[in-house]
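S.K.: below are the sequence and a predicted model for it; my questions follow.
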Amino acid sequence: SRLSDDLEPLARQQRSGLRGQDAEIEMPVFLEETLSETSKLVEYLIPVYENGQFTEVRKSLKVKIPIGVVDGERIRLKGQGGAGQGDAPNGDLYLHIRLVPHPLFDVEGHNLVVTVPVAPWEAALGTKVTVPTLAGRIHLTIAPNSQTGQRLRIKGRGLATKSGTGDLFALLKV
């Protein structure tokens, strides 16, 4: 009949409903946590439409942070946002990765820089010093006649990447 033909698109639209709202939150990550896959608990609020009005519901989720995440990276968790209405899918949760500043290391891409204080006689004569890394301490040889501002490269001791590891640079400060 003609009337049922006119009502079919409306019924289909009501069945399909509205897709849930996406949620976006900042996720602080410590430099040490970028070296291996880490699970972190994240709590966030999502809007819920009930009884004709919107309310916010707190949601908790254990999230795997992959190796080698970088500052500003955006991770999508499908279906973890607001609930869809009718047959529509849930929204997504987007995590914005923020690397927490470290007290010892500066970040340059996937490389780290650590300042190493050296006494003037140690710089002139050469010495061995202990240098911190994200994975523990290492011993580093300072060559004779070293200068302030000189950078010594320690290969593979920086931040993890999807394809390897960055380097650590020891910045000498005499």
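M.R.: Yep, it's here. Numbers count the residues shown, from 1 in each chain.
S.K.: give me the most central residue, this protein.
M.R.: Centroid-nearest residue in the chain: residue 97, 3.3 Å away (criterion: C-alpha atoms, centre = their mean).
S.K.: I figured that residue hits residue 68, correct?
M.R.: No - if you go by C-beta atoms under 8 Å, residue 97 and residue 68 don't touch, sitting 10.6 Å apart. Where C-beta positions appear, they are placed from N, C-alpha and C, glycine not excepted.
S.K.: now the element after the helix or strand of the chain with the lowest mean pLDDT, going C-ward?
M.R.: Least confident element among the helices and strands of the chain, by mean pLDDT, DSSP states H and E: helix 2-16 (a mean of 50). Once helix 2-16 ends, the next helix or strand along the chain (criterion: DSSP states H and E) is strand 23-29.
S.K.: now do the buried residues in that following strand.
M.R.: Neighbour counts over strand 23-29 (16 or more other C-beta atoms under 10 Å) mark 23, 27, 29 as buried.
S.K.: with stretch 38-50 instead?
M.R.: 38, 42, 44, 46.
S.K.: in a markdown table, list the residues you listed along with distance to residue 163 and pLDDT.
M.R.: Converted to a markdown table, those look like this (distance: C-beta to C-beta, whole Å; pLDDT from 0 to 100):
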| residue | distance to residue 163 | pLDDT |
| --- | --- | --- |
| 38 | 19 | 88 |
| 42 | 27 | 93 |
| 44 | 31 | 92 |
| 46 | 35 | 86 |
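S.K.: give me the subset of those residues lying in strands.
M.R.: 38, 42, 44, 46 (DSSP state E).
S.K.: from memory residue 92 sits against residue 82, does it?
M.R.: No - the pair residue 92 / residue 82 is not scored as a contact, 9.4 Å apart, by C-beta under 8 Å.
S.K.: residue 76 belongs to a strand?
M.R.: Yes - the assignment for residue 76 is a strand, going by DSSP: H, G, I helix; E, B strand; the rest coil.
S.K.: per-residue pLDDT, it?
M.R.: With respect to pLDDT, residue 76 has a value of 95.
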